[in-house]
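quick one, structure for this:
(one chain, ligands or ions: 1)
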Amino acid sequence: MSAALIDGKAFAAGLRDRVGTLAARFEAQVGRKAGLAVVLVGEDPASQVYVRSKGKQTVEAGMASFEYKLPADTSEADLLARVEALNADPVIDGILVQLPLPDHIDEQKVIATIAPDKDVDGFHVVNAGRLAVGQPGFVPCTPLGCLMLLKDRLGTLAGREAVVIGRSNIVGKPMAQLLLAESCTVTVAHSRTADLPAVVRRADIVVAAVGRPEMVKADWLKPGATVIDVGINRVAAAEPGKTRLVGDVDFTGASTVAGAITPVPGGVGPMTIAVLLRNTLVAAWRNAGQPLAPDAI
Ligand SMILES: Nc1nc2c(c(=O)[nH]1)N[C@@H](CN(C=O)c1ccc(C(=O)N[C@@H](CCC(=O)O)C(=O)O)cc1)CN2
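Numbers count the residues shown, from 1 in each chain. Presented below is the predicted three-dimensional model:
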């Protein structure tokens, strides 16, 4: 079998277009642009790239981007004060603090300080709770992007066996909640799962979010399974001194068994920022007192 490629880059471009249309309508009706604030502490090179992309794509979608680049030695108190100021600013609809933060800052404290209705990352415990009990709220961008790709590929997910590998608050746990809400039978596997290949082999849907380069092998997969690879791992390339990106799935091998698979790069990654723009727009319409219908975008 040769798996179909799930083109996250193309899907993300379509989502950004739809966001752009509704962002223009927002500006025309409300009299200002929807606004996203992104806070970066320190100089982590990957984070700098992601934050730059977020700003560029926000502006391209017709929204206002506010970037705050703070030095690596910013105190926790100063960061919390910045977040409080953004909470109170009426032209800011969404707030994102880029992770990871330097070690001296408590990430959970920072996330807890973001107003839940501006928490477009969906990391605040209030939004995690809303997702768990099925109330409307913000859902973390990467798992929501994975769900969009799955529904686009498979239509209804009800009754399917799904295995999520990884239990982080940012991807694994919300992904499991989303799949459960779609009536999948969900297993969350992790580093201490016994006989992981056997567990994964049950799955019609595999979401790999474990951060281990090419860990999921072809013979772990049920033939025809749909494989969503969340991993972004930089490894040494064949050419000395060069690196390349690989996912958590052995793409070449898995493609011979899976029915469909996301590539790395170009799969889940681009969905993360496209969904961030979508969440910001949803926040903006809600803050303006005109919430969008749940399926508007
Ligand atoms: N506050 C947050 N911090 C972080 C998040 C997040 O959702 N919120 N996610 C990641 C990083 N991230 C966005 O912030 C992100 C990761 C990857 C991509 C992406 O498009 N990847 C490309 C490859 C890019 C490359 O060449 O390095 C791909 O997979 O095709 C976008 C955003 C951690 N922090």
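
how long is stretch 98-117 from one end to the other?
Separation of the first and last residues of stretch 98-117 by CA to CA, to the nearest Å is 18 Å.

quick check: mean pLDDT of it?
Stretch 98-117 carries an average pLDDT of 98.

and it, which residues are buried?
Neighbour counts using 16 or more other CB atoms under 10 Å place 98, 101-102, 105, 110-117 of stretch 98-117 among the buried residues. (C-beta placed from N, C-alpha, C; glycine too.)

which residues touch that stretch?
Residues outside stretch 98-117 that contact it (CB atoms under 8 Å, 6 or more residues apart in numbering): 38-42, 44, 47, 50-51, 72-76, 79-80, 83-84, 87, 95, 97, 119, 121, 123-127, 137-138, 170, 283, 286-287.

just the ones in strands from the residues you listed, please.
Using DSSP state E, the subset of those located in strands is 38-41, 95, 97.

next, count neighbours for Phe66.
17 (other CB atoms under 10 Å).

which non-adjacent residue is nearest it?
Ala37 (4.3 Å; CB to CB, 6 or more residues apart in numbering).

need the ones in strands among the contacts of stretch 98-117 in CSV (columns: distance to the ligand and neighbour count).
Listed next are these as CSV, based on distance: CB to the nearest ligand atom, whole Å; neighbours: other CB atoms under 10 Å:
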residue, distance to the ligand, neighbour count
Val38, 8, 22
Val39, 9, 22
Leu40, 10, 21
Val41, 11, 26
Ile95, 10, 26
Val97, 6, 25
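
state the pair within those residues that is farthest apart.
Val41 and Ile95 (13.6 Å; CB to CB).

circling back: thought the residue nearest to Phe66 was touching Val91?
No: contact criterion CB atoms under 8 Å: Ala37 and Val91 do not qualify, at 9.3 Å.

how about the residues of the stretch 151-297 of the chain near the ligand?
By CB under 6 Å from any ligand atom, the residues of the stretch 151-297 of the chain that approach the ligand are 232, 245, 264-266, 269-270, 272-273.

show the contacting residues for Ala296.
The contact partners of Ala296, by CB under 8 Å, 6+ apart, come to Leu22.

tell me which element it falls in.
Counting by DSSP states H and E, no helix or strand carries Ala296.

re the thing from before, now the buried members of the contacts of stretch 98-117.
Going by neighbour count (16+ other CB under 10 Å), the contacts of stretch 98-117 have 38-42, 44, 47, 50-51, 74, 76, 79-80, 83, 87, 95, 97, 119, 121, 123-124, 126-127, 137-138, 170, 283, 287 buried.

got the contact list for Gly22?
I think there's a mix-up here, since residue 22 is Leu and not Gly. 281, 285, 292, 296-297.

distance of it relative to Lys118?
Separation of Leu22 from Lys118 (CB to CB, to the nearest Å): 18 Å.

confidence score at the closest residue to Gly137 other than its chain neighbours?
Once flanking residues are discounted, Gly137 sits nearest to Arg130: 3.1 Å by CB to CB, 6+ apart. Arg130 carries a pLDDT score of 98 in this model.

what's the neighbour count on Arg130?
Residues near Arg130, counting by other CB under 10 Å: 17.

surely it touches Pro136?
Yes: contact criterion CB under 8 Å: Arg130 and Pro136 qualify, at 6.7 Å.

my read: Val227 touches Ala208, true?
Yes: Val227 lies in contact with Ala208 (CB under 8 Å); the separation is 7.2 Å.

buried residues of the strand or helix carrying Lys9, list them for me.
Using DSSP H and E, Lys9 maps to helix 8-30. Across helix 8-30, burial judged by 16+ other CB under 10 Å covers 8, 11-12, 15-16, 18-20, 22-23, 26-27.

Asn233 against Gly247, yeah?
Yes: assessed by CB under 8 Å, Asn233 is found in contact with Gly247 at 7.0 Å.

between these two, tell me which one has more neighbours.
Gly247 (29 against 17).

perfect, I'm done here.
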